[in-house]
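Participant: The sequence and its predicted three-dimensional model are supplied below.
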Amino acid sequence: MLRVKEMLKQSEDIDDLVKFLYTLCRYFRGSAKRVELLSEKEEITEEGDDLKLVVPFEVRWLSIFPAIERVLQLFTSCYEALKELSNNEKAAKDLFEKLQKFETIATFVMLADLLEPINFLVTIRQTNSLSIDLVAFEYKAVNNKLKNYSTGLMVGKRLEAFLSGLKYISHKTSKHKDCKLEHKSYFDESLNLIKEKFKQLSSRLLTSVEGWFGNYPILNNFATLDVNLIREQPETALNSYGKIEISSLIKTFNQNFRKFNEIPKNPSIELLEETEILKQYQEFKFLIYNDADYRKLNREQVYSQILKSPSYKQLSRLLEIYLVLPITSVECERVFSQINIIKHRLRASLETETLDSLLNIKLNGDKVEDYDFRDSFILWKTSAKRYFI
């Protein structure tokens, strides 16, 4: 995702907009009176307190999207509040002049439409039970949307509403008796410039996203084991589907197994048998594609059946790797977050073994309300001599 961040920074007007966004949010959040005024303009009730401006952060750069979205939601109230405050404050006057500029509004709207699918992709990659088919499906949807944006086939929903508003203003202005021809030309030229800029940004963003997802050959190869993706294939292509990818996976893992086996004292790992796995893979594809009983099963149920079957012993080894392979580093990052929560400054002397046990309970254990403590108590009571008062 750093590619996307760098792409946004390369555009000078976007970089300026992000700085303006940060200043605008800090301005309102820096004073209780300004927040109160903003709430009055929006007529925010107690239930609507969440409609506050969101400050974008440099470290978490995707916070730009919710920050922009919130400004667009509160645009009228921001405009009215700044207009009132600009009479007495120079900072408010500068922000008001910037906010009412046509270029500022247009860039806000374009960025909101462009960052929404990227924000969605990142959110998907942070889910707990993430599967390769889900990533592949969502990536394909986002990729298609950006392609349509970059070729001019469609624009985002916010930009479409914005352009419709401009067309309406242009139409009304052109009918006015005092309207000059250059006014109509200005609106038409502005519409074309916005559309062209949106196409250019979409094209650059598409390149960044493709680069982001295109560097995972092992994950892309493993996708051919996915039940849902196999079922989507036309029957005529089923025979050849995935053969090259499965062979590539076998070669990759056998190379790693050989290196592991060369290390002294390491337990020997049996190499994957390519011929047998390819044969079982062919049977596996046609089974889940044609068998009526298997077609009723979801992906987890299919894998459970295959892993239990002695007919797919070699393929099961590849499936086991596929099912435990982490798609992102999110799980590792969660572990570090939990460590900071568990081992804080008041528990800094925790031993490694204790910390490991607490982490396992936190990450993999049952909920406290669902846990039966009787077995734990009996184990504690019998593991050493205990004295009860």
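Facilitator: Arrived safely.
Participant: burial measure for Phe102, as a count.
Facilitator: 11 (other CB atoms under 10 Å). Placement of C-beta: from N, CA and C, glycine included.
Participant: Find the centremost residue of this protein, please.
Facilitator: A centroid search over the chain (CA atoms, centre = their mean) returns Val122, at 1.2 Å, as the residue closest to the centre.
Participant: can you map out the helices along the stretch 151-300 of the chain?
Facilitator: Assigned by DSSP state H, counting those that start in this stretch, the helices in the stretch 151-300 of the chain fall at 157-175, 181-213, 217-222, 227-231, 243-262, 274-290, 292-295, 299-308.
Participant: List just the one of those that sits closest to Cys78.
Facilitator: Closest approach to Cys78 among those is made by helix 157-175 (16.3 Å; CB to CB).
Participant: quick one on the thing from earlier: from Ser63, how far out is the residue nearest to the centre of the chain?
Facilitator: In this view, Val122 and Ser63 are 11 Å apart by CB to CB, to the nearest Å.
Participant: before we move on, the earlier item: pLDDT score assigned to the residue nearest to the centre of the chain?
Facilitator: If you check Val122, the pLDDT there is 73.
Participant: and it, backbone torsions?
Facilitator: Main-chain torsions, Val122, degrees, to the nearest 10: phi -60, psi -40.
Participant: Take the helices of the stretch 151-300 of the chain and lay them out in TSV including mean neighbour count and mean pLDDT.
Facilitator: Output for the helices of the stretch 151-300 of the chain, formatted as TSV (neighbours: other CB atoms under 10 Å; pLDDT from 0 to 100):
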stretch	mean neighbour count	mean pLDDT
helix 157-175	14	73
helix 181-213	16	75
helix 217-222	17	78
helix 227-231	19	86
helix 243-262	14	91
helix 274-290	17	93
helix 292-295	11	88
helix 299-308	15	89
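Participant: Turn these into TSV, columns for distance to Gly30.
Facilitator: Converted to TSV, the helices of the stretch 151-300 of the chain look like this (distance: least, CB to CB, whole Å):
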stretch	distance to Gly30
helix 157-175	28
helix 181-213	31
helix 217-222	45
helix 227-231	50
helix 243-262	54
helix 274-290	59
helix 292-295	60
helix 299-308	50
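Participant: Quick one: closest of those to Leu325.
Facilitator: Across the helices of the stretch 151-300 of the chain, Leu325 has its closest neighbour in helix 217-222 (6.6 Å, CB to CB).
Participant: what's the closest one packed up against?
Facilitator: Where contact means 3 or more CB pairs under 8 Å, 6 or more residues apart in numbering; DSSP states H and E, helix 217-222 is packed against helix 132-151, helix 243-262.
Participant: now the closest residue in space to Glu270 that isn't next to it in sequence: how far from Phe102?
Facilitator: Spatial nearest neighbour of Glu270, chain neighbours left out: Phe257 (7.8 Å); criterion: CB to CB, 6 or more residues apart in numbering. Distance, Phe257 to Phe102, by CB to CB: 62 Å.
Participant: again with Ala223
Facilitator: 45 Å.
Participant: Over to Arg70?
Facilitator: Separation of Arg70 from Phe102 (CB to CB): 21 Å.
Participant: tally of neighbours for Asn143?
Facilitator: Asn143, neighbours per other CB under 10 Å, totals 16.
Participant: How about Ile341?
Facilitator: Ile341: 10 surrounding residues under other CB under 10 Å.
Participant: same deal with the one 3 residues further on?
Facilitator: Residues lying near His344 (other CB under 10 Å) number 10.
Participant: Redo the helices and strands packed on helix 217-222 as TSV? Include distance to Ser357.
Facilitator: As requested, the helices and strands packed on helix 217-222 are exported to TSV (distance: least, CB to CB, whole Å):
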stretch	distance to Ser357
helix 132-151	32
helix 243-262	28
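Participant: Can you tell me which of those is nearest to Ser86?
Facilitator: Across these, closest to Ser86 is helix 132-151 (CB to CB), at 35.7 Å.
Participant: I'd like the average pLDDT over the closest one.
Facilitator: When pLDDT is averaged along helix 132-151, the result is 78.
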